[in-house]
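Peer 1: based on what follows, work out the 3D shape:
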Amino acid sequence: VTDPMDLLRRGRLYFASRDATIASDELTISDSDLASINRLEIVREKLSQPAYFVEKPTNAEQVNVPSRKSTPFDLDEHRSATVQAQAMIYNDPQTFPEVFLRHYEVGEVLGDGRFSAVFECRDKATGIQLALKIIDKARCKGYEYLIENELSILRRVKHPNIIKLVEEFQNELKYFLVLEYVSNGDLLTAVNTMNKYSEHDVALMLSQIASALKYLHSLDIVHRDVKLDNILMTNYPDQSVTLKLADFGLALCLSDQTPIVAAHGDNLCGTPMYMAPEVIQNRDYRVENDMWSLGVIAFTLLSGMAPFKGENDEDILANVINTTIDYGLLPKISSECRDALTMMLEQDPKRRINASELLQHPWIKRVIQKQTEPINDAQSPRRKKGTPRKQPMLTFSSVDHSRPMQGSSVGGLQSDVDEF
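Peer 2: As a prediction, this is how the structure comes out:
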C-alpha cells in the first residue's frame, strides 16, 4: 500500500473527495482541479467525508484508483497528511519575500483553511515565538475586499484582549501576516474539555471580551463572528489567563450611521449558534449583534451546552428566532448573573445591553473588584500582601461533562480563512 506521507515528501500526493464524480473504478477530475498549483493541488470539497489519496497525474483528466471498497486510504487516518500537504503549498521558501526571511524563521504548521495556512514563526533577533498566517491570493479571488478589510482593521486596533498584528508582508502571490502567538488554544476546546465554569470565572472572562468589544465598538467596528473558537487563551507564569479576540475576516468598519444591511445588502454571515435574531431576519443592525453573541458564550460557559439546538444550520437559525431560551438549563446562579444574561440575550437590539454597560453591570463589577483575591488558593501562587495581579485569574474550576457543543460557520470568508 502506498504511503501518503511518502507521496507528500515526493510532492506527488493528489487528494480528492469521494463526493467527486466516480464512474466504475475511475475518479473523474476536472481540468480546473488540475490547474493553478505547480507542485501540488489538493481538491478539498468536504473534509469531513472519507477521501481518496492518489498520486498526482502528470497530464491527465482521469486517474485510475481502487474501487470504494478496496481503497486503502481514509481521511480520518490521514488527516495530518492532508494538513501537511496543504502546508507545502504555502510554506515554500521560494515564494517568501526576502525581507521576511531575513527576520523570521518558519516552523510547524498550526492549522489550515481553504485560503490560508498558519505556521509557528520565530523572530530571529529576539527569539520570540509568533504565528505566521499565509494567505494565497489566487485562492481568495473574489474575496479580496474581505482580506483587505481584515488587514485594515488589524492595522488599526491595539488592545490587550485583541490579537495583535506584528508585521505584514506581501508579494504578487501571497500575504504574510506575522501575528502574536497565543499558546493555550481557544475557548471552544476548553469548553469541550472542562465543559462548565463557575459564575465567578465566567464574569472574569466576559469582562475581558466585553472590554475588547467596547474598544472595537468605540471605533465603529463590528466583529460579526464573536464565538468560543475565536477567543484565544494565553497563560502567564503567575497562572493568570488573558483572552484574545481573533479572526476579523467578517468584521466591518462602519464609516457612518448607516446600518449594515442598508449599506451592504444581505449580510447573513457568522456562525448560526451565535447569530442575533436581527441578523438572521436580515434587519438593519450595527454593533448590537456582537453582544448577543457574547450572551450565547456566557450561557454556554455557565451551562456547558448551547442555548439553541438543531439538526442543521437551518434548524438552529429557526430556533434562535422562535425558541424561548430555557434558563432552567443553567446551574444555580445569582440574580445579578441572570439579569446580565437576559440583557445580552434580549431579542430587541435597541434594548440589548452594550459592552460599556455590561462592564458597569453589578455582576461584572462585583467580580472585578474581587480580582485580587485568589480564585483557588490551592492553585494560585502566593503573593505578598497588597501586590496587585497583572490579569484576573481563571482556574476553570467547575467540571461537568455534558454533551459538547458543536458549531458551524456560514457566509463568506470566516470558514475559509480562520485566524487560527
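
Peer 1: please make it C-alpha for all contacts and neighbour counts, starting now.
Peer 2: OK.

Peer 1: can I assume Glu278 is in contact with Tyr285?
Peer 2: Yes. Glu278 is in contact with Tyr285 according to C-alpha atoms under 8 Å; the separation is 6.7 Å.

Peer 1: chain neighbours aside, what residue packs nearest to Glu346?
Peer 2: Arg352 (5.2 Å; C-alpha to C-alpha, 6 or more residues apart in numbering).

Peer 1: I'd assumed Leu345 was in contact with the one you found.
Peer 2: Yes. Arg352 lies in contact with Leu345 (C-alpha under 8 Å); the separation is 7.2 Å.

Peer 1: pull the residues that contact stretch 153-170.
Peer 2: 97, 100, 175-180, 208-209, 211-212, 215-216, 242-246, 248, 251, 253 (C-alpha atoms under 8 Å, 6 or more residues apart in numbering).

Peer 1: switch the cut-off to 7 Å
Peer 2: 175-180, 208-209, 212, 243-246 (C-alpha atoms under 7 Å, 6 or more residues apart in numbering).

Peer 1: okay if I get the residues you listed as a markdown table plus distance to Cys337 and neighbour count?
Peer 2: Shown next, in a markdown table, are the contacts of stretch 153-170 (distance: C-alpha to C-alpha, whole Å; neighbours: other C-alpha atoms under 10 Å):
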| residue | distance to Cys337 | neighbour count |
| --- | --- | --- |
| Tyr175 | 43 | 20 |
| Phe176 | 42 | 22 |
| Leu177 | 39 | 19 |
| Val178 | 38 | 25 |
| Leu179 | 35 | 22 |
| Glu180 | 33 | 19 |
| Gln208 | 16 | 21 |
| Ile209 | 16 | 22 |
| Ala212 | 20 | 22 |
| Leu243 | 20 | 26 |
| Lys244 | 23 | 22 |
| Leu245 | 22 | 26 |
| Ala246 | 26 | 23 |
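
Peer 1: closest one of those to Asn319?
Peer 2: Ile209 (25.6 Å; C-alpha to C-alpha).

Peer 1: tell me the pLDDT at that closest one?
Peer 2: Looking at Ile209, its pLDDT is 98.

Peer 1: in terms of helices and strands, where is it?
Peer 2: Counting by DSSP states H and E, the element that carries Ile209 is helix 199-218.

Peer 1: I'd like the next helix or strand past that helix.
Peer 2: strand 221-222.

Peer 1: what's the first helix or strand after that next one?
Peer 2: strand 231-235.

Peer 1: so which other helices or strands are in contact with that next one?
Peer 2: With contacts taken as 3 or more C-alpha pairs under 7 Å, 6 or more residues apart in numbering; DSSP states H and E, strand 231-235 sits against strand 241-245.

Peer 1: the strand it packs on vs strand 231-235, what angle?
Peer 2: Angle, strand 241-245 to strand 231-235, by axes from the mean of the first three to the mean of the last three C-alpha atoms, to 10 degrees: 150 degrees.
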